[in-house]
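Asker: Sequence first, then the predicted structure:
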Amino acid sequence: MKNLLQPPAYKPLIEKGKIDTTYKKMRLKVFLGAFFGYAAYYLVRKNLSLAAPGMIENGLLDKASVGIAGSAISIAYAFSKFIMGSISDRSDARKFLVIGLILSSFLMIGAGLIPFNANNITYNVIIIFSLMLLVGWLSGMGWPPCGRIMAHWFSQNERSFKMSVWNTSHTIGSGSLGLLVTLGVGIFLVLGIEQTWRASFIFPSLVAILFAGFCWWALRDTPQSCGLPPIDEYRNDFSGKQNAKDEEIKIPFKRLFVDYIFKNKILWLIAVANAFVYLIRYGISDWAPVYLQEMNIMNSSQSNLAFSLHNYAGVPGTIICGLISAKFFKGRCAPANVIYMVLVLIGILVYWQAMPVAEWFAQTFGGDPAAICRTVVYMSLCQIGFCIYGPVALIGVQALNLVPKNAAGTAAGFVGLFGYLLGDAVLAKIVMGAVSQSNGWDATFWMFTVASIVGAVFCATTWKKEKANC
């Protein structure tokens, strides 16, 4: 495997007159490859969230077991993203991303084909947990190679905005998942397949395999492997942590982790903030279909649409957040993160109180309370989606900016470890599943409220330190 993933050798520099044209063409190709490749990973990540209402209705799982099974992806991904980050710093980004995507797709298809037992929830949880654990581990092969690509093909003074645009890929992927599941369910109904929840696993995975082929065509590891000069030299931008020639040096893992990760106080601060951001990101998104259907606010197709709109709203939100950081705060991420987290809090409170708001509006101005409630939910979920993915993106940018390029994957993995293990797996999956089962949904909204406040506070702790480093 080590030899298979070995980075391609640097090629001799191409003719000087062809460098600019080739660089522009290749930068567009690798950006599109990284964009659609990472989006495709989200077609084989959150499938259980959309299959869960049908599985609960068929007695295959309950809310607590959905939380436990769903946590498997997050637990495995938390460690995988960190470990795979270190491996990806020494691997061919093209092979790394494509292999992980194809294997994840086949495993998710398998989850949709397994005959579960309606009389034994424990058996079902063990099976789905095991499969999601493997998928979660393979999912760690998505972000690190993309981070490596962005670090090698885009220089520091353009990376904040470019990565904000690229980071919308996962919102595009997540949003498309809801629409693809609805389409897949329709196809299953036409084919006479009764257990339509299986389409949530199978149909998006087939689409992801098609994207893997596109990524193989589009991606390349580094400019030097294409006969091009390093990006810092090409753009005459040496504002990063290292000289362009230093990226050829492979830092030993012990030194890389201790010097650039463990002793980096700012990296620890944004890692903790990331945990609370991820609690909201996945707690809101992953539980929306179950919550909305259980509370009789929406049916299956409506909740799938709400899931998609919530994620799609993150696309303009992430880009605007990157622009705010670049144009108004000279590339600093903390101010934009704090602003966005406050707006997330407002959206959470409206989402929580959607039914009382709808009833008051109907009594005051007239109209159908149920229809008004759905509108309020759509709007509030869009606001949360618009705002939460900005901090998700900029915290990742902060991680890359705080270390040399040949430590980018490891830094991203370290920050992701906090987000996915503590914020997603423990709080957004296991704790939320248990709390909603025993204490009701109001208790989970209190969790979101506290998380948004604490997340804003931790983001603010890096404000002055970032300013001093500018």
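Answerer: Ah, there it is.
Asker: alpha carbons only for contacts and neighbour counts from here, please
Answerer: OK.
Asker: for this structure, where's the lowest mean pLDDT among helices and strands?
Answerer: Lowest on mean pLDDT, DSSP states H and E among the helices and strands of the chain sits helix 253-255, with a mean of 59.
Asker: what does whichever strand or helix holds N124 contact?
Answerer: Using DSSP states H and E, N124 sits in helix 121-139. For helix 121-139, the external contacting residues (CA atoms under 8 Å, 6 or more residues apart in numbering) are 41, 44-45, 59-62, 65-66, 68-77, 79-81, 100-101, 103-104, 107-108, 111, 116-117.
Asker: What's the first helix or strand after it?
Answerer: Next along from helix 121-139, by DSSP H and E: helix 143-153.
Asker: how close does N296 sit to V185?
Answerer: 20 Å (CA to CA, to the nearest Å).
Asker: of the two, who's got more company?
Answerer: Comparing N296 with V185 by neighbour count (other CA atoms under 10 Å), the higher total belongs to V185, at 22 against 10.
Asker: can you pull the contacts of the residue nearest to M341 when sequence neighbours are not counted?
Answerer: Among residues not flanking M341 along the chain, A456 sits closest, at 5.5 Å (CA to CA, 6 or more residues apart in numbering). Listed by CA under 8 Å, 6+ apart, the contact partners of A456 are 273, 337-338, 341-342.
Asker: Centre of the chain to whichever strand or helix holds A456, how far?
Answerer: For A456, the enclosing helix or strand under DSSP H and E is helix 441-460. For helix 441-460, the distance from its own C-alpha centre to the chain's C-alpha centre is 19 Å (CA atoms, centre = their mean, to the nearest Å).
Asker: Quick one: mean pLDDT over it.
Answerer: For helix 441-460, the mean pLDDT works out to 92.
Asker: which parts of that helix are buried?
Answerer: Residues 441, 444-445, 447-449, 451-456, 458-460 are the ones in helix 441-460 that count as buried (16 or more other CA atoms under 10 Å).
Asker: which one of those sits closest to L269?
Answerer: F458 (6.7 Å; CA to CA).
Asker: Tell me which stretches of the stretch 151-300 of the chain form helices.
Answerer: Ranges of helices within the stretch 151-300 of the chain are 156-166, 169-190, 199-218, 231-235, 253-255, 265-294, 300-312, based on DSSP state H, counting those that start in this stretch.
Asker: Serialize those helices to CSV and add fields for distance to A354.
Answerer: Converted to CSV, those look like this (distance: least, CA to CA, whole Å):
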stretch, distance to A354
helix 156-166, 31
helix 169-190, 22
helix 199-218, 27
helix 231-235, 49
helix 253-255, 50
helix 265-294, 11
helix 300-312, 14
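Asker: closest one to I430 among those?
Answerer: helix 265-294 (10.3 Å).
Asker: Check which helices and strands the closest one is in contact with.
Answerer: Packing contacts for helix 265-294, counted by 3 or more CA pairs under 8 Å, 6 or more residues apart in numbering; DSSP states H and E, involve helix 47-57, helix 300-312, helix 369-401, helix 408-417, helix 441-460.
Asker: run the last query once more with 7 Å
Answerer: In terms of contacts (3 or more CA pairs under 7 Å, 6 or more residues apart in numbering; DSSP states H and E), helix 265-294 is packed against helix 47-57, helix 300-312, helix 369-401, helix 441-460.
Asker: re the thing from before, filter the contacts of helix 121-139 to the buried ones?
Answerer: For these, buried by 16+ other CA under 10 Å: 41, 44-45, 60-62, 65-66, 68-77, 79-81, 100-101, 104, 107-108, 111, 116.
Asker: Okay, and which of those map to helices?
Answerer: Judged by DSSP state H, the subset of the buried ones among the contacts of helix 121-139 located in helices is 41, 65-66, 68-77, 79-81, 100-101, 104, 107-108, 111.
Asker: Where does the prediction get shaky in the stretch 101-250 of the chain?
Answerer: 160, 239-250 (pLDDT under 70).
Asker: Against C146, how distant is the residue most central in space within the chain?
Answerer: The centre of the chain sits closest to H170, judged by CA atoms, centre = their mean, with a distance of 5.1 Å. Distance, H170 to C146, by CA to CA: 12 Å.
Asker: just A39 next, same as before
Answerer: 11 Å.
Asker: Of those two, which one has the most company?
Answerer: Neighbours per residue (other CA under 10 Å) separate A39 from C146, with C146 holding more: 29 against 26.
Asker: Could you tell me which residues make contact with the more buried one?
Answerer: Going by CA atoms under 7 Å, 6 or more residues apart in numbering, C146 touches A34.
Asker: What of N117?
Answerer: 60, 124.
Asker: repeat for G70
Answerer: 48, 429.
Asker: Apply 10 Å and report the result again.
Answerer: 45-49, 52, 64, 125, 128-129, 132-133, 136, 286, 424-425, 428-430, 433 (CA atoms under 10 Å, 6 or more residues apart in numbering).
Asker: Could you report the separation of it from N3?
Answerer: 33 Å.
Asker: now swap in I172 and tell me
Answerer: In terms of CA to CA, I172 sits 33 Å off from N3.
Asker: Among the two, which residue is more densely surrounded?
Answerer: I172 (24 against 7).
Asker: what about the stretch 301-450 of the chain, any weak spots by pLDDT?
Answerer: In the stretch 301-450 of the chain (pLDDT under 70), the answer is 400-410.
Asker: check contacts around the nearest residue to A93 once chain neighbours are set aside.
Answerer: Once flanking residues are discounted, A93 sits nearest to P145: 4.6 Å by CA to CA, 6+ apart. Contact analysis of P145 by CA under 10 Å, 6+ apart lists 34, 38, 84-85, 87-98, 151, 221, 408-409.
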